[in-house]
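dropping the sequence and predicted coords here.
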Amino acid sequence: FHVLKITFFFFTSFYYYMVFIRPLKISESQIKPIAQSLLSSTSQIMNGIFPIEKPVNKTSQQVLSSLNNILLEKSERLRTQLETEKEQFIKDFKATNKGKAPTGKAIRRFSKLKMGQGGTLDPMASGLLIIGLNNGTKNLQKYLTNSTKSYTFKAILGQETMSGDNQEDFKSTLSVNSYEHLLNMSKEEKNGLEEKIKKAFIGKPLNQVPPVYSALKINGRRLYDYIRNGEEIPGEIEPRVVELLDIEFHEDNFKVIPQTPLTEEPTELYEKEEENEEEEKENKENNKDGDNKKNKKMKKQKFDGNKNLQRLGPNGSLPVTDELLNQVMKYKNQIKTYTIDTNETGGILQTDEELNKITDIKDPFYEKMKYRQVPLVELNMTIKVSSGFYVRSVVRDICKILNTSGYMTSLTRVAQKQWDMKNGCYFKLEDFENEANEPIWYDLLAKVMEDEEKGALVDVRSVLDKVDKKRKLEENKEEEEANKKIKI
């Protein structure tokens, strides 16, 4: 019985080995690619969401391109990950296409990281730009819609521009208004005006008309295209329902900024601008029948953020001239940008005449503005708003409550959803430029992207600012030692 039992066990074991175990045994040459495949599928490929600080005078797309290039150039880990993905893609493609290799176009997507952003910022704006990396791009939609944001802005009183800021040329000025009544205010008067502003906007849905200098389309064309070409906008700009959730007035709100008086009227700049415009117009006419490639190249010229800044005065202020006032007359009543209470009760109800009111050229205060004989008055506030909110529109309306006009000189997005600059959770482009610091910023980036809610609480700046400070000290020390050697 025992002999039969042992014999049965032996043959059963042999059968199990031959049928189930032996077919699984593979050669060493077969193990390597399978191991690599498993490694690539389970390795920690960088995926997720993180914020970066966008600098001024760069478009959001320029920041994305720069970030992509820097990460691939300076990060060996990311390059290796991308190369691994590429090899796996080629292998899988060949396996499903009878050994045929993928086209160059299909492989080209592995030459850069997959990247997107969760809400564009204007070139003049700075602050948080939410970045989606690789599979993280799939989670960007929630930042584009139904996303609360906070902005800090500064504005100069006295003029109203068609763009709502100081980025266009002098021909975009809509009105010039006195702000003499806001120069010598007591603390109580300032507090009273701030309460008036809060009462007008907070706690109610608002109908807001977007600025004419915006990327919205009418009849297939951007609104700013009509204005820049001197054309009337066909039809009305539809208002949108938005909310202003909170306003924080900074300590230096209504700041009075002294100016250096001018001895003559600042007309020379405008004459130069007109000459440049004529020259550009001639070039366009000459190139109409020219080389198409050349024309395309001209259209694709990169945004130059310094183009309009050369003519600006203190704190980004615009000059005031008689030529400017003549231009104002041509644009009268063309713009209708304002924010009103949707119920039309207790909101800001303005007529076009009030919106485009022009200061009399004979007004003594206008003469003082022109020759910079009076100080500037600057607003400084932080507002928390809903998606689709135009800060430039509300800046214009705040100035109307103050019985004057104004234009935005700076804008910073300080928060979006759970991401807040106060928590130091953001990166800067220069953080990634030093290859020696890759182990530090790479681990921080992985930690931030691991979980969006927890990532927003990671104080990235406290770590990377110390690293940057240490690097600068070492560079200064090296420079001092080099200078000593030169002296010796």
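Now that the structure is in, tell me what you want to look at. Numbers count the residues shown, from 1 in each chain.

SS state for residue 146?
Secondary structure, DSSP: H, G, I helix; E, B strand; the rest coil: residue 146 is coil.

tell me how many other residues crowd residue 156.
Residue 156 has 24 neighbours, counted by other CB atoms under 10 Å. Every C-beta, even on glycine, is put in place using the N, C-alpha and C of the backbone.

make that residue 241, sorry
Residues contacting residue 241 under the criterion other CB under 10 Å number 11.

can you show me the CA trace of stretch 77-87 as CSV?
As requested, C-alpha coordinates have been extracted for stretch 77-87 and formatted as CSV (Å, rounded to 0.1, in the frame of the first residue of the first chain):
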residue,chain,number,x,y,z
ARG,A,77,15.7,61.3,-14.3
LEU,A,78,13.0,62.8,-16.5
ARG,A,79,15.0,62.1,-19.7
THR,A,80,15.5,58.5,-18.7
GLN,A,81,11.8,58.1,-17.9
LEU,A,82,10.9,59.6,-21.3
GLU,A,83,13.3,57.3,-23.1
THR,A,84,11.9,54.3,-21.3
GLU,A,85,8.4,55.2,-22.3
LYS,A,86,9.6,55.6,-25.9
GLU,A,87,11.3,52.2,-26.0
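
give me the distance from it to the chain's centre.
Distance of stretch 77-87 from the chain centroid (CA atoms, centre = their mean, to the nearest Å) equals 29 Å.

what kind of secondary structure is residue 52 in?
Once three-state DSSP is applied, residue 52 turns out strand.

beta partners of it?
Here residue 52 sits in beta bridges with residue 129, residue 427, going by DSSP bridges.

just list the residues touching it, thanks.
Residue 52 makes contacts with 63, 67, 128, 129, 131, 426, 427, 428, 429, as judged by CB atoms under 8 Å, 6 or more residues apart in numbering.

pull out the buried members of the residues you listed.
63, 67, 128, 129, 131, 426, 427, 428 (16 or more other CB atoms under 10 Å).

and of the residues you listed, the nearest to residue 252?
Proximity of these to residue 252 (CB to CB) peaks at residue 128, which lies at 22.5 Å.

is it true that that closest one touches residue 416?
Yes - applying CB atoms under 8 Å, one finds residue 128 in contact with residue 416, separated by 5.4 Å.

which neighbours do those two share?
With CB under 8 Å, 6+ apart as the test, residue 128 and residue 416 both reach residue 51.

what sits against residue 248?
For residue 248, the contact set (CB under 8 Å, 6+ apart) comprises 381, 382, 383.

how about the secondary structure of the first one?
Remark: residue 381 carries the secondary structure label strand [criterion: three-state DSSP].

what is the neighbour count of residue 222?
Residues near residue 222, counting by other CB under 10 Å, number 14.

so for residue 383, what's the nearest residue that isn't a sequence neighbour?
Spatially, and ignoring its direct neighbours in sequence, residue 383 is nearest to residue 247 (5.2 Å; CB to CB, 6 or more residues apart in numbering).

how near is that neighbour to residue 179?
To residue 179, residue 247 is 20 Å away according to CB to CB, to the nearest Å.

one step back: buried residues of the helix or strand hosting the residue nearest to residue 383, list them for me.
Residue 247 is part of strand 244-249 when elements are defined by DSSP states H and E. For strand 244-249, burial by neighbour count (16+ other CB under 10 Å) applies to 244, 247, 249.
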